[in-house]
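Q: Have a look at this fold, sequence not included:
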Ligand SMILES: Cc1ncc(COP(=O)(O)O)c(C=O)c1O
C-alpha cells in the first residue's frame, strides 16, 4: 500500500472511525448545530456544553466517511475542557494541518492527535470531509444557527 | 470460478485499441470501472480528432474554400452516422448539443416553453438523473406546471400501477430514462411509450446510458425525443445529440439565437434556418462531432449486439460474485439490467471504498450519482458504483471483487 494512503488512514483514524468517542446526543447542551457536506451526504450534529467560557462537554452524532467521522470524534475529545479561545486556536491549527500549511513536526507536542490528519493534505478532495465537524463546532460556538455546509 | 472466454467479442484485441488502459495507477494496472460517468476513447477516435485539426480545420457551412468544404462534409457526415446509428428517419432529425444535459434543456426551452402552460403536468420518474429533473423544474416553476414522479419499486423498476394513475388529462409529456445510471435498470420503454401515446402524450427518453450499450432504433421505439452524450460512448466530451421527430422539430421555437440558426435578419426580426440548423446557433463542436462519428464507426465495427451481449455476461458474472460477499447490498435487481452496479459493502463508506480501490488501481465512482431522489428514497447518503464497457474483462472483475474483500477487512467492520 502506498505511503500516502497509509498516511491518510492512520491507525488513529481507523480506530476513531470504528469506535467513535463522545458519540450520541448530549443532554443539556448549550450549543447544537448541524453540519452537512451536501456533495457526499456527510451529516453530523455537534453538541457542546459551555459554562463560564469553558467547553465542559462535547458530543457528536451522524454519519459519513471514515475521515469525517474520525475527525468529529477527535474534535470532541480535543475541545473538551478547553476555553472557547483555545478551541478557536485548535480549529485554526487543524485547518492548517489538513491543508498542509502546518509544520507538524514542530508543533507535534501541542497538536497531539490532530497530527494524524496530516495525510489529508495529499488528498485535496478529502479536506472537506476532515473539516466538517470542526467548522460546525466553530460556527456553533460563535452563534451560527443555520446548519453549516462545506459549500459556503 | 473461472470464466470461459466469451464468443461475443475479442476483448484482448479491443483493449489494444484503447491506449489509456495500458498504464499503472498507484503501482497497479489500471482497472477502469467508471464507465457510466465517462468512457475511454479508442485510438481511432483520437486519430480522427487530430487528423481533423491537422488537415481539415475550418468553420463549417458557407465557406467557399477547400478546408471549409472538408470540415462541413466531416461534420455533416457525422450527423448521418448518428442518424443511422439510432435508426432515425432522416439526419435532419439529429441536433448536435454539448451532451444529454443540453439536449434535455433544449427540449424544455424550445418545446416546453411553447407547449406547456399553467396547470399542465409532466411525468418523470424517481430514478431520473438530475439532468432529466432540473430542466423540468425550471420550466414548471416558470409556467406554473406540475411535476409528477413515477415511483420505483424495491427492485429498482418503475411502478406501472402508479404510472397508470399519474397519466391524466393535463399530462403533456413523459420524460424518462431508458437505462438507470444507478440501478442499471433497462426500463420497458415500448410499454411506457404505448401507454403515453394511447393518450397522445409525447415521450422523451434520456438515452445517456442506453445509446452506449444497447442497439437503439428510435423509429421502432417510437419515442418523440431521445437525448444522449458522446463521451459515454467512446467519443469526446462536449458533443451529444438530441433526436426528435421531424414534425416536433418543425413546430418548436429556436433554442439559442446567433449565427447559423437564421435565414434572414432585419433590425427587429429574423427568419429561422431549416432544421436541424435552426437549433444549432454559433460555431458548433466540429471536432467533437467528427470524433463522435469515428466512435460510432468503431462501435459498429464491433457490433452493438455483441457489445450488449458481452456486457450482459460481465454484469451477470460480477453480480454473482459480488452478491456472494457477506454484508453486500446491491441496489437494483431489475430483470433487465445493464452494467452499472451500485452497492454498499458492510459499513464501509463509499468514499472510503473508492479511495481504497483507487489505491489498488481501480477507478469506481462514489456518491449520489446525480440522483438524489433515489438516495432520499433509499435513505442512504451515497453508494459505490462499478460500471462496465466493452473493454472490461472477467479478470478485472475477479480482481475488483478481491479488492472489495480487502477493503472490508481494512476498515474492519
Ligand atoms: C442517465 C443519465 N442522464 C443524463 C446524464 C448527463 O449526461 P451529460 O453530463 O453528458 O450531459 C448522465 C450522465 O451523467 C446519465 O447517466
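A: Okay, I see it. Note that the structure is predicted; figures quoted are calculated from it, not measured.

Q: Give me the neighbour count for whatever residue of chain A ends up closest to chain B.
A: For chain A, the residue closest to chain B is residue A:41, as judged by C-beta to the nearest C-beta, at 2.7 Å. C-beta: built from backbone N, CA, C; applies to glycine. Neighbour count for residue A:41, taken as other C-beta atoms under 10 Å in any protein chain shown: 20.

Q: so residue B:70 touches residue B:59, yeah?
A: No. Residue B:70 lies out of contact with residue B:59 (C-beta atoms under 8 Å); the separation is 11.6 Å.

Q: And whichever residue of the stretch 1-150 of chain B sits closest to chain A, how far from the ligand?
A: Residue of the stretch 1-150 of chain B nearest chain A, by C-beta to the nearest C-beta: residue B:26 (5.6 Å). As judged by C-beta to the nearest ligand atom, to the nearest Å, residue B:26 and the ligand stand 25 Å apart.

Q: so what's residue B:397 scoring on pLDDT?
A: At residue B:397, the pLDDT value in this model is 98.

Q: My read is that it contacts residue B:317, right?
A: Yes. If you go by C-beta under 8 Å, residue B:397 and residue B:317 touch, sitting 5.9 Å apart.

Q: Buried residues in stretch A:132-147, which are they?
A: The neighbour-count check on stretch A:132-147 (16 or more other C-beta atoms under 10 Å in any protein chain shown) flags A:132, A:133, A:134, A:135, A:136, A:137, A:138, A:139, A:140, A:141 as buried.

Q: Please convert those residues to TSV, extending it with pLDDT.
A: Listed next are these as TSV, based on pLDDT from 0 to 100:
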residue	pLDDT
A:132	96
A:133	97
A:134	97
A:135	96
A:136	97
A:137	97
A:138	96
A:139	96
A:140	96
A:141	95
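
Q: Now do the contacts for residue 145.
A: No chain was given, so I picked chain A. residue A:33 (C-beta atoms under 8 Å, 6 or more residues apart in numbering or on different chains).

Q: looking at chain B here, not the other one
A: B:116, B:117, B:118, B:119, B:120, B:121, B:122, B:139, B:172.

Q: Any of those residues buried? List them.
A: B:116, B:120, B:121, B:122, B:139, B:172.

Q: give me the subset of those residues touching the ligand.
A: Checked against the ligand using C-beta under 6 Å from any ligand atom, the buried ones among the contacts of residue B:145 give no members in range.

Q: farthest-separated two in these?
A: B:121 and B:139 (11.9 Å; C-beta to C-beta).

Q: Tell me how far the closest residue to chain A within chain B lies from the ligand.
A: Relative to chain A, the nearest point of chain B is residue B:381 (2.7 Å; C-beta to the nearest C-beta). Distance, residue B:381 to the ligand, using C-beta to the nearest ligand atom: 19 Å.

Q: was I right about that residue contacting residue A:38?
A: No. Here residue B:381 does not reach residue A:38: they are 9.9 Å apart, not a contact under C-beta under 8 Å.

Q: Next, count neighbours for residue A:50.
A: Applying other C-beta under 10 Å, I find that residue A:50 has 18 neighbouring residues.

Q: Would you state the helices of chain A in chain order?
A: For chain A, the helices defined by DSSP state H occupy A:3-8, A:11-18, A:66-79, A:84-98, A:104-111, A:127-141.

Q: closest one to the ligand among these?
A: helix A:127-141 (21.7 Å; C-beta to the nearest ligand atom).

Q: The closest one versus helix A:11-18: what angle between them?
A: Counting by axes from the mean of the first three to the mean of the last three C-alpha atoms, to 10 degrees, helix A:127-141 lies at 70 degrees to helix A:11-18.

Q: Let me know whether helix A:127-141 sits next to chain B.
A: Yes. Interface with chain B: helix A:127-141 contributes residue A:129 (C-beta under 8 Å from any C-beta of the partner chain).

Q: Which residues of chain B lie near chain A?
A: Residues of chain B lying near chain A (C-beta under 8 Å from any C-beta): B:26-27, B:349-352, B:355-356, B:359, B:366-368, B:375, B:380-382, B:410-413.

Q: So which bits of chain A are right by chain B?
A: A:1-2, A:5, A:8-9, A:14, A:17-18, A:39-43, A:63-67, A:123, A:126, A:129.

Q: what about the closest residue to residue B:259 other than its chain neighbours, helix or strand, and which?
A: Leaving aside its chain neighbours, residue B:259 sits nearest to residue B:282 (5.9 Å; criterion: C-beta to C-beta, 6 or more residues apart in numbering or on different chains). Secondary structure from DSSP states H and E places residue B:282 outside every helix and strand.

Q: list the contacts for residue B:282?
A: Contacts of residue B:282 (C-beta under 8 Å, 6+ apart): B:256, B:258, B:259, B:260.
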